[in-house]
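Asker: below: sequence and its predicted model.
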Amino acid sequence: MSPRYYLGTAILVAVLTLAISVWKKKQTRREIFMVMVKVILALAVIAGGVFGVAQLLAFLGVAQSGFFL
């Protein structure tokens with residue numbers, strides 16, 4: 001993968017973390033870190049779900065294998 005995808009993901013995580021931290025009024029480093037962990041886990045669950053659906057559709061013959069990429 002291109003480094004720009006990693007950079008884009010890091011920026012997305014940072015922006016979401018800061019936005020949620022301000023919205024929920026988190027102030028300490030530990031609280032902000034926990035928000036960041038939750039954001040990363042949520043993005044991983046979403047990406048895993050999309051990948052799982054893509055694999056399921058490929059297995060069922062609805063889509064071609066590797067169409068997610």
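Answerer: Nice, I can see it.

Asker: the host helix or strand of residue 35 packs against which elements?
Answerer: Taking DSSP states H and E as the definition, residue 35 sits inside helix 29-60. Judged by 3 or more CB pairs under 8 Å, 6 or more residues apart in numbering; DSSP states H and E, helix 29-60 is in contact with helix 3-23. (C-beta placed from N, C-alpha, C; glycine too.)

Asker: list the buried residues for the helix it packs on?
Answerer: For helix 3-23, a neighbour-count test (16 or more other CB atoms under 10 Å) marks 16, 17, 21 as buried.

Asker: need the contact list for the spatially most central residue of the chain.
Answerer: Nearest residue to the geometric centre of the chain (CA atoms, centre = their mean): residue 43, 2.1 Å. Contact analysis of residue 43 by CB atoms under 8 Å, 6 or more residues apart in numbering lists 9, 12, 13.

Asker: change it to 10 Å
Answerer: Residues in contact with residue 43 (CB atoms under 10 Å, 6 or more residues apart in numbering) are 9, 12, 13, 16.

Asker: I'd like the average pLDDT over the helix holding residue 35.
Answerer: Mean per-residue pLDDT for helix 29-60: 92.

Asker: ok, back up a step: okay, the contacts of residue 43 in CSV with distance to residue 29 and pLDDT next?
Answerer: Below are the contacts of residue 43 laid out as CSV (distance: CB to CB, whole Å; pLDDT from 0 to 100):
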residue, distance to residue 29, pLDDT
9, 22, 92
12, 21, 95
13, 16, 95
16, 17, 95
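
Asker: and those, which two are the farthest apart?
Answerer: 9 and 16 (10.6 Å; CB to CB).

Asker: mutual contacts of the two, please.
Answerer: What both residue 9 and residue 16 touch, as defined by CB under 10 Å, 6+ apart, is the set 40, 43.

Asker: ramachandran angles for residue 64?
Answerer: phi -80, psi 150 (degrees, to the nearest 10).

Asker: and stretch 48-64, which residues are buried?
Answerer: Buried-residue list, stretch 48-64, by 16+ other CB under 10 Å: residue 54.
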